[in-house]
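Colleague: Kindly return the folded structure for what I paste below:
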Amino acid sequence: MKTAEGFAKTLVIAEKPSVAQDIVRALTPVAGKFEKHDDHFENDTYVVTSAVGHLVEIAAPEEFDVKRGKWSFAHLPVLPPYFELKPIDKTKSRLSAVVRLVKRKDVARLINACDAGREGELIFRLIEQYAGGLKNGSYQALGKPVQRLWLQSMTPAAIRDGFEHLRTNEQMLGLADAARSRSEADWMVGINGTRAMTAFNSRDGGFFLTTVGRVQTPTLSIVVEREEKIRAHRSRDYWEIHASFLAEAGEYPGKWFDPAFKKPTGDDADAELRGDRVWSQREALAIAEAVRGKAASVKEESKPTTQASGLLYDLTSLQREANGRFGFSAKTTLQLAQSLYERHKALTYPRTDSRALPEDYLPTVKETFEMLAGSGMKHLAPHALTALNNGYIRPSKRVFDNSKVSDHFAIIPTLQAPHGLSDAEQKLYDLVVRRFLAVFFPSAEFMVTTRITSSVGHHFKTEGKVLVKPGWLAIYGKEAAAEQADKDDKSPGNLVPVQPGERVKAEAVDPKALKTRPPARYSEATLLGAMEGAGKTVEDDELRQAMQEKGLGTPATRSSIIEGLIAQEYILREGRELIPTAKAMQLMTLLRGLDVQELTKAELTGEWEYKLAQMEQGKLSRESFMADIAAMTERMVKKAKEYDRDTVPGDFATLSSPCPSCGGIVKENYRRYTCTGPDGQGEGCGFSFGKTPAGRTFEAAEVEQFLRERKIGPLSGFRSKAGWPFTAEMIIKFDEESKNYKLEFDFGDDKKGEESGELIDFSGQESLGACPKCGSAVFEHGKNYLCEKSVPTLAQATPSCDFKSGQIILQQPIEREQMIKLLATGKTDLLDKFVSMRTRRAFKAMLAWDAEAGKVNFEFAPSKFPPRKTSAAPKKASTTPIKTPATAKKAPAKKAATKTAAVKAPRKAAVKKEGSGAAGLKPSDALAAVIGTEAVARPQVIKKLWDYIKANNLQDAANKRAINADAKLLAVFGKPQVTMFELAGIVGKHLG
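Modeller: The predicted structure follows:
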């Protein structure tokens, strides 16, 4: 095929740069050598480039969208007739480069080589549509044919095979529609739901951001419902009766049970009833007394049983297993599996919901066993060899079943043995390989013995489970049999034999007092299972697989949903438990009160996922699905808009701590904690406070402590009206104007005492150590650690030192022990809760005394990774890389010429304009007193100023955007206070 400019080329778009490089390596032997350019690879046939994940996002057109400042019911719902595509800011340059290649006249065909799934399809389709351009509310087609590279494995052979079997555009239209519909549905439900709930919660003033989502909120509902059951649980006493029976061959244990017991059924059934529980101590003692010392008859039944290994892993089952065995989060497991797939080429595609293999995959499985048998993995190779020698690898519907394979098959090892795995990667790889081996091994064989011992009308059960043939359990080692027996609640090992007709004696019979327990909190493993079954916890693999079509989210998105709930502080991760916060409980109260069922029931949202799966298969139209989503959105907004009661009904707490004003009973309602008088029924004394001051929701235990101690903190998670995060203490203080108590933030304004000249008395305090500036004692004062000579004291009325360091720096509380360590050794431990003012991201650092700067500064831990080795270069060349401007491209002839050069000459940097940061700028004397005298780039000046401001606690307590000038900054600012937005302009006047 030819174009006007020469032979036509095919553009291949991968999802990530690393995948593009793998494709180039795989194609080079069959398509010829590629030449590397800044943003793509190219040869006579192919141009290969990549995105870096999503480059384009959907948004409502400007005329239909409503920005945050105008969120109200008057502007809802937002149901735009179409969605615009806009570049993601941080990857604009990458998008421009890809679009340029798409539009090249010599590019006649496109291949979508993004990850083989719904999200990969969306990434490519949005780029393609964006390149076509928007006209009259719709995106124009480029008119270039599209094919799909669908990879299950990243080995070179698999990539070449994928290019030989490219899918057509028509085959992918269902997946493309589902991908786009999912994205737009999440936007419509998330945006409208969040704005509607925020508008509802903000009706009385303020701005209370209340985020919801089409999948995240039903997932949260699962966790909240479990927590409510735990809180509602009332422990009940019960007794088990354990006996020890003496036979001729020795003793054996038994537990009393009622053979006539039947498990109750129905919605109101008591789930705590069991056949081996007695509910009164008197009855338990009576049974024990009746049986103790008596003779008993024995009936015994032994029967063989087998147990097959678990099915091959899909992503969710792998995440559950890795969480249970190693404590890996779902996100961590996905990252490790993706690395083993993409980087090491050791596993097949991980984002799969299938646990079977294609029926024609048997030869590949045999090859994989041969690779494992010949590998250096001594703990796995012998088992692979055993399977090959004994002919274990044969067709089985349990493993090879086309009806259970969609676009992807189960996660199994590839033909490539991995090298250089991290410890965590090795653990996950071993987990997958062991399951892969086990599924072909024979079932484990056990002999299960059930013994019933009867005495004076009472029956005791004893069970034993003995491993006869290990089968697949041999792959997992000696502990596997005992672990399996424990799972089945069977006693491992042989039972003491009893002869036919032998009478035994009840030697000891003891009632054991126990209490019923609430259900366990969700771990990530059990929550993933609940999401997969749309809220129903199903342990059986096959049954859960039958339900997973209506699950919450997809295997690829479930980990990010859980992480999102944690990031938004709806859920706390404590050890392996997931615990909903007060913020989560309040959201569920609101949604139930408004009767917004669409956002609370996992099963309903599972239906949407099921419909998306139908769309992928071409069984449901995109128009029909989006009409349902629009109708759901309108109903949701309508219910919130038309709710006319003062408060939302719910199960609210009565606090044990009394009202600080009148001693009355304080009760919770939807919005506030309010005094209800001494009897808890009246209007009380008027004392009340909101549950969410400055955007942070109180936990119940915090409120109890707050009322009891009249102060609490420091607490993090508050946000100012401008959206800035801050950390503060809170106090309950008597207000003369209202003649009642009220809440206040306490920022510990130390300046007041200093400016009044009031003398500070440190005599009752113990010093933390010596001041690094002058050697005097350092004490706590207000919200700072400071030198005793930095404030007026009886010994020295005029301060002579300025050492001071905040007790909270960038939202990180600095404990007393850490400041003692800094004063003694020069630095603190590595602290992990600092939050950057610029990026809003958490970071880890040590605080260290910087003698040269005369202040406490950050010191970062050295990188775990050694610096990259670079190619030989002249020794005198600058170590600072200088980027060549994008426009300065070399001509092809020059490129060819440089190939023969042994060493490239270092490029000369263009002379940068003053203030660009290339060369240091001289600070004025006033500025030098704050940041030092050496020449410095403008961005570094701002950073150093911020470090100084934070270290000296100079942000205004009432308005975090304002900075109060101390003596040094006053000379720089020229006034006692500036806003952070003025800093850049002020700095420019002090740089020459």
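
Colleague: Report how many residues lie close to the residue nearest to M371 when sequence neighbours are not counted.
Modeller: The shortest distance from M371 to any non-neighbouring residue, by C-beta to C-beta, 6 or more residues apart in numbering, is to L415 (5.3 Å). The way it works is simple: take the backbone N, C-alpha and C, and place the C-beta from them, glycine included. Residues near L415, counting by other C-beta atoms under 10 Å, number 16.

Colleague: ok, L415 to V405 distance?
Modeller: Taking C-beta to C-beta, to the nearest Å as the measure, L415 falls 19 Å from V405.

Colleague: what does G717 give?
Modeller: Using C-beta to C-beta, we find G717 at a distance of 46 Å from V405.

Colleague: Let me see the ranges of the strands in the stretch 301-450 of the chain.
Modeller: 444-455 (DSSP state E, counting those that start in this stretch).

Colleague: Let me know the pLDDT of E859.
Modeller: On pLDDT, E859 comes in at 88.

Colleague: Please report the number of neighbouring residues for it.
Modeller: 15.

Colleague: Run a quick check on it versus L847, I expect a contact.
Modeller: Yes: taking C-beta atoms under 8 Å as the definition, E859 is a contact partner of L847 at 7.4 Å.

Colleague: joint contacts of the two?
Modeller: K827 (C-beta atoms under 8 Å, 6 or more residues apart in numbering).

Colleague: coming back round to it: out of G717 and V405, which sits in the more crowded spot?
Modeller: Counted by other C-beta under 10 Å, G717 and V405 do not tie: V405 has more neighbours, with 18 against 15.

Colleague: Contacts only, for that one.
Modeller: By C-beta under 8 Å, 6+ apart, the contact set of V405 is 354, 356-358.

Colleague: same question, V439
Modeller: Residues in contact with V439 (C-beta under 8 Å, 6+ apart) are 309-312, 398-399, 472.

Colleague: What's the ChimeraX line that selects buried ones from the residues you listed?
Modeller: Here is the ChimeraX command that selects the buried residues among the contacts of V439 (16 or more other C-beta atoms under 10 Å):
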select :309,311,312,399,472
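
Colleague: What is the nearest of the contacts of V439 to F73?
Modeller: L311 (49.2 Å; C-beta to C-beta).

Colleague: and the gap between the closest one and G854?
Modeller: From L311 to G854 the distance is 65 Å (C-beta to C-beta).

Colleague: burial measure for P253, as a count.
Modeller: 15.

Colleague: what's the nearest residue to it if we skip its chain neighbours?
Modeller: S244 (5.8 Å).

Colleague: likewise P511?
Modeller: Excluding the flanking residues, the one nearest P511 by C-beta to C-beta, 6+ apart is A284, at 3.8 Å.

Colleague: report the angle between the axes of the helix or strand encompassing the one you found and strand 444-455?
Modeller: Using DSSP states H and E, A284 sits in helix 281-291. When axes from the mean of the first three to the mean of the last three C-alpha atoms, to 10 degrees is applied, the directions of helix 281-291 and strand 444-455 differ by 90 degrees.

Colleague: what residues does helix 281-291 touch?
Modeller: Contact partners of helix 281-291, identified using C-beta under 8 Å, 6+ apart, comprise 237, 239, 241, 243, 256, 278, 455-456, 458, 506, 509-511, 513.

Colleague: Mind putting those into a markdown table with neighbour count?
Modeller: Output for the contacts of helix 281-291, formatted as a markdown table (neighbours: other C-beta atoms under 10 Å):
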| residue | neighbour count |
| --- | --- |
| D237 | 11 |
| W239 | 23 |
| I241 | 23 |
| A243 | 24 |
| W256 | 24 |
| V278 | 20 |
| S455 | 23 |
| V456 | 11 |
| H458 | 21 |
| A506 | 23 |
| V509 | 24 |
| D510 | 13 |
| P511 | 19 |
| A513 | 10 |
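
Colleague: Please name the bridge partners of K827.
Modeller: Beta-bridge partners recorded for K827 (DSSP bridges): A848.

Colleague: pretty sure it is touching E859, no?
Modeller: Yes: contact between K827 and E859 holds when scored by C-beta under 8 Å: they sit 6.0 Å apart.

Colleague: Tell me which residue is most central in this protein.
Modeller: Nearest residue to the geometric centre of the chain (C-alpha atoms, centre = their mean): E563, 2.0 Å.

Colleague: Could you give the number of residues near the nearest residue to that one once chain neighbours are set aside?
Modeller: Closest residue in space to E563, ignoring its immediate chain neighbours: K331 at 5.0 Å, by C-beta to C-beta, 6+ apart. Neighbours of K331 under the rule other C-beta under 10 Å: 16.

Colleague: In this structure K331 contacts G564, no?
Modeller: No: taking contacts as C-beta under 8 Å, K331 lies outside contact range of G564: 10.1 Å.

Colleague: circling back to that earlier point, helix, strand or coil: sort out the residue nearest to the centre of the chain for me.
Modeller: When classified by DSSP: H, G, I helix; E, B strand; the rest coil, E563 comes out as helix.

Colleague: Next one: it, what pLDDT does it get?
Modeller: So, for E563, pLDDT stands at 91.

Colleague: Same check on Q426?
Modeller: 94.

Colleague: now D423
Modeller: 93.

Colleague: mind listing what the residue nearest to M371 touches?
Modeller: 155, 157, 364, 367-368, 371.

Colleague: Report the buried members of those.
Modeller: Among the contacts of L415, the ones that count as buried by 16+ other C-beta under 10 Å are 155, 364, 368, 371.

Colleague: What distance do you get for the first one to I393?
Modeller: Spelled out, it's T155. Per C-beta to C-beta, T155 is found 20 Å from I393.

Colleague: What of the third one?
Modeller: Spatial separation of T368 from I393 under the definition C-beta to C-beta is 9 Å.

Colleague: just G501 next, same as before
Modeller: Using C-beta to C-beta, we find G501 at a distance of 49 Å from I393.

Colleague: quick one, which of these two is more surrounded?
Modeller: Using other C-beta under 10 Å, the more surrounded residue of G501 and I393 is I393, with 20 against 7.

Colleague: I'd say the more buried one and F369 touch.
Modeller: Yes: I393 is within contact range of F369, at 6.0 Å (criterion: C-beta under 8 Å).

Colleague: shared neighbours, these two?
Modeller: 387, 440.

Colleague: what's near enough to touch A199?
Modeller: By C-beta under 8 Å, 6+ apart, the residues touching A199 are 71-73, 76, 640.

Colleague: I'd like to know how far the residue nearest to P511 sits from P923.
Modeller: 83 Å.

Colleague: Check H379 too.
Modeller: Distance, H379 to P923, using C-beta to C-beta: 62 Å.
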